[in-house]
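> Sequence below, structure please.
(chains A and B)
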Amino acid sequence: MIQRLPPPTQKSDKEETGPTEGESWTTRLRVLTDAGRHGEALALLRRMFRHPNPPPDASTLPAALLAAAALSLPSAAAQLHSRAISSGSLAHPFVLTALLSSYSRLSLLPLSRRLFADVSPSAPAATLVVAFNALISGHARHSLPSGALALFRGMRRSALPFNAVTLLALLPSCAHSAVPPLHACAIRVALTGEPSVANCLLSAYARAGAVDLARQMFDEMPNPKQLISWNAMISGYAQNGLAPRVLDLYREMEQSGEVEPDPVTLVGVLASCAHLGADSVGRRIERYIAQNPAHGSNIYLKNALINLHARCGDLARAREIFDMMQKRSIFSWTAMIAGYGMHGHGVAALQLFERMRASGIRPDGVVMVSVLSACSHAGMTEEGLEYFSKMERLFGVVPGPEHYACMVDLLGRAGRLEQASDLIKSMPVEPDGAVWGALLGACKIHKNVELGELAFKHVVKLEPMNVGYYVLLSNVYSDAGRLDGVARIRSMMRRRGLRKDAGCSYMELEGSVHLFVADDHSHPQARRIYEMVVKLEALAKEACGVESKKDELRNEKGKILPVTGFHSEKLAVAFGLLNTEAGTEIVVIKNLRVCEDCHLFMKVVSNIANRKFVVRDASRFHHFEGGVCSCKDYW
DNA sequence: GTCCGTCTTG
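Alright, predicted model coming up:
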């Protein structure tokens, strides 16, 4: 039934009118709570209690309790509780479960438990099931997943039939290992056909990292699939860092023509575009959003777009979106600050951070990571140290391992290796792989074998399968001419079945992506590209007399190893020069960090060819122009 | 009329 309601107002108690002719108090109350007008609902309730004619009965209490919980008013809930006792309606299933649920929403879980304990085991099964569901959800809400599961087991011991509501309450917060058994339960009682349950299972598998099982559930869903199912699968891939699969699935969704993407879809896809540096897909989505007025003001989308442009090299566009926002969340500020940091604009990052604080937003741990890493990339060591010391004192953010990793990086880059390792020793929390990894990285820059070995010893214990650290130490050794060390790392990697990640770079040209892998000839223009690299290298050598490094590196059998191969970024830059007009900026995205040799190459070539190269590597952006890089060789 | 949720950004 559709009720005609006056628009929401901030009416005072006295102004709140009673029900109109032919409308009961209870109906009016429910209309108000359904519309989310909980304040008015409670005002009405107060009038009901003052003029109890007809007296409020059991049918009034559930809606009233809902309103009390929504307004975070424990006292109101307690009053309603005593009303229920005095009127003898506590045993009424709807009153009981509404009360259970209200207490748990009000963070008064012990009261819910006590109520639950008083429920008679001989109550009708339907009542018991709903009471169990309410208490299970209360535990799940308070991140007590094992308590929720224990209740579920109790439910089954009592031979009570669980239902979709039970599973929907359990799945979102349950432990990874609990997902398959709950799935089995769902199958046994034929609940997997229920779309909400299937979507929930899909998300639970994805959260547990079992994306292939999630995908299997997705594929088994009947067509046309719900938008929510597409979104769950897309976000599942995105949360697991599987950006290419996100883009594949998004394309499939578009081609199916079943559903239109909504902001939830687009946010997941944009995050993956940002991750990959897939500028053209991202920009296409941006145009799509611009055409949909309903999406235009969505703050999630705006934040995702800021992140996209910052990570694809267009800081100006990111800033434009940021400046035009009417409302900004901490996500907006963080994306923008991190953007400046990645591009080496430390001063701009800090200015923005101060503006954020002035606007009344309290810094959190994530924005502090962006601030510290911005200082690190810009070589603003003293500023970084100052913000780190202010973190806890002024902002109430307790430094975690991720902040220590930033500081070790900051000090390490600046050559203050001893101070960096002292900082690690002083850590009140256990250092993680990133902390030791940052020290190892600093040892690579400053060629410190001894400390590098120490850092490596710790980091392999914590992340034995992370290839990057083996490569780093191997490079430390080879820079120091310690070929025994290089050989040792290589055999260690071989024993553990680890292979060096292939370096790959890509650039977009007229909307299509061109991928380059080191020493790979599969690109249609490979011949021309390799010739171009050789030509450019010769020119570069001529221009600054630089020789490619380390010709003398040999393997265990004494055979000379070709060290300076055709790295992917050189191929990408050569391709860019061959296929774009003079003056066009060439943007390259790379998976690993740029090596010194390629960095030098690109500096020199930017001068020779009079071109601007923008290269995003695994740690930051490099803007090459006129023979210099924006990182000031500090990366 | 009570229990529940699946999808969102740094």
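> going forward, measure contacts between C-alpha atoms and count neighbours the same way
Noted.
> Can you give me the distance of residue A:296 to residue A:279?
19 Å (Cα to Cα, to the nearest Å).
> Settle it for me: which of those two has more neighbours?
Between residue A:296 and residue A:279, counting by other Cα atoms under 10 Å, residue A:279 is the more crowded of the two (23 against 15).
> what residues are up against the more buried one?
A:273, A:308-309, A:312, A:508 (Cα atoms under 8 Å, 6 or more residues apart in numbering).
> swap in residue A:436?
Contacts of residue A:436 (Cα under 8 Å, 6+ apart): A:405, A:455-456, A:458-459.
> ditto for residue A:65
So residue A:65 contacts A:76-77, A:80, A:98-99, A:102 (Cα under 8 Å, 6+ apart).
> In helices, which of these appear?
A:76-77, A:80, A:98-99, A:102 (DSSP state H).
> Just the buried ones out of those, please.
By neighbour count, with 16 or more other Cα atoms under 10 Å, the ones in helices among the contacts of residue A:65 hold A:76-77, A:80, A:98-99, A:102 as buried.
> what's the farthest-apart pair in those residues?
Greatest spatial distance in these: A:76 and A:98, 13.4 Å, computed using Cα to Cα.
> Would you mind measuring from residue A:326 to DNA strand B?
14 Å (Cα to the nearest atom of the strand, to the nearest Å).
> so is that residue in a helix, a strand, or just coil?
coil (DSSP: H, G, I helix; E, B strand; the rest coil).
> what about it, how many neighbours?
For residue A:326, using other Cα under 10 Å, the count is 8.
> Turn the buried ones among the ones in helices among the contacts of residue A:65 into TSV, including pLDDT and distance to DNA strand B.
Shown next, in TSV, are those (pLDDT from 0 to 100; distance: Cα to the nearest atom of the strand, whole Å):
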residue	pLDDT	distance to DNA strand B
A:76	91	16
A:77	93	13
A:80	91	14
A:98	93	4
A:99	93	8
A:102	94	7
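> I'd say residue A:198 and residue A:192 touch.
Yes: between residue A:198 and residue A:192 there is a contact under Cα atoms under 8 Å: 5.3 Å.
> ok, so of the buried ones among the ones in helices among the contacts of residue A:65, who is nearest residue A:480?
residue A:102 (66.8 Å).
> show me what contacts that closest one?
So residue A:102 contacts A:65-66, A:68-69, A:77 (Cα under 8 Å, 6+ apart).
> just for chain A, where's the confidence low?
A:1-23, A:52-56, A:545-564 (pLDDT under 70).
> Mark out where each domain of it begins and ends.
A:1-108, A:504-629 (automatic domain parsing).
> thinking again about what came up before, can you redo the ones in helices among the contacts of residue A:65 as CSV with distance to residue A:160?
Formatted as CSV, these follow (distance: Cα to Cα, whole Å):
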residue, distance to residue A:160
A:76, 33
A:77, 29
A:80, 29
A:98, 20
A:99, 21
A:102, 23
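> Out of the contacts of residue A:102, name the ones that lie in strands.
Residues of the contacts of residue A:102 located in strands (DSSP state E): none.
> can I get the residues you listed in a markdown table with distance to residue A:427?
Converted to a markdown table, the contacts of residue A:102 look like this (distance: Cα to Cα, whole Å):
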| residue | distance to residue A:427 |
| --- | --- |
| A:65 | 48 |
| A:66 | 46 |
| A:68 | 45 |
| A:69 | 42 |
| A:77 | 46 |
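> For residue A:80, give its distance to residue A:429.
47 Å.
> Show me what the helix or strand encompassing residue A:110 is in contact with.
Per DSSP states H and E: residue A:110 is located in helix A:109-117. Outside helix A:109-117, the residues that touch it by Cα under 8 Å, 6+ apart are A:96, A:99-101, A:103-104, A:131, A:135, A:138-139.
> After it, which helix or strand is next? Please name it.
By DSSP H and E, the next helix or strand past helix A:109-117 is helix A:125-141.
> quick one: buried residues of that next one?
A:127-141.
> So which of the residues you listed would count as near DNA strand B as well?
For DNA strand B, the contacts drawn from these by Cα under 7 Å from any atom of the strand are A:127, A:129-131, A:133-134, A:137-138, A:141.
> ok, back up a step: and which of the ones in helices among the contacts of residue A:65 is nearest residue A:496?
For these, the residue nearest residue A:496 by Cα to Cα is residue A:102; the value is 54.3 Å.
> And that closest one, how far from residue A:94?
As judged by Cα to Cα, residue A:102 and residue A:94 stand 12 Å apart.
> Can you tell me, leaving aside adjacent residues, what's nearest to residue A:604?
The shortest distance from residue A:604 to any non-neighbouring residue, by Cα to Cα, 6 or more residues apart in numbering, is to residue A:627 (5.0 Å).
> An error on my part: the question was meant for residue A:340.
Once flanking residues are discounted, residue A:340 sits nearest to residue A:349: 5.3 Å by Cα to Cα, 6+ apart.
> Next, that neighbour: secondary structure please.
Applying three-state DSSP: residue A:349 is helix.
> Tell me who's in contact with it.
Counted by Cα under 8 Å, 6+ apart, residue A:349 has contacts A:336-338, A:340-341, A:371, A:374.
> most neighbours, which of those?
Of all the contacts of residue A:349, the highest neighbour tally under other Cα under 10 Å goes to residue A:374, namely 30 neighbours.
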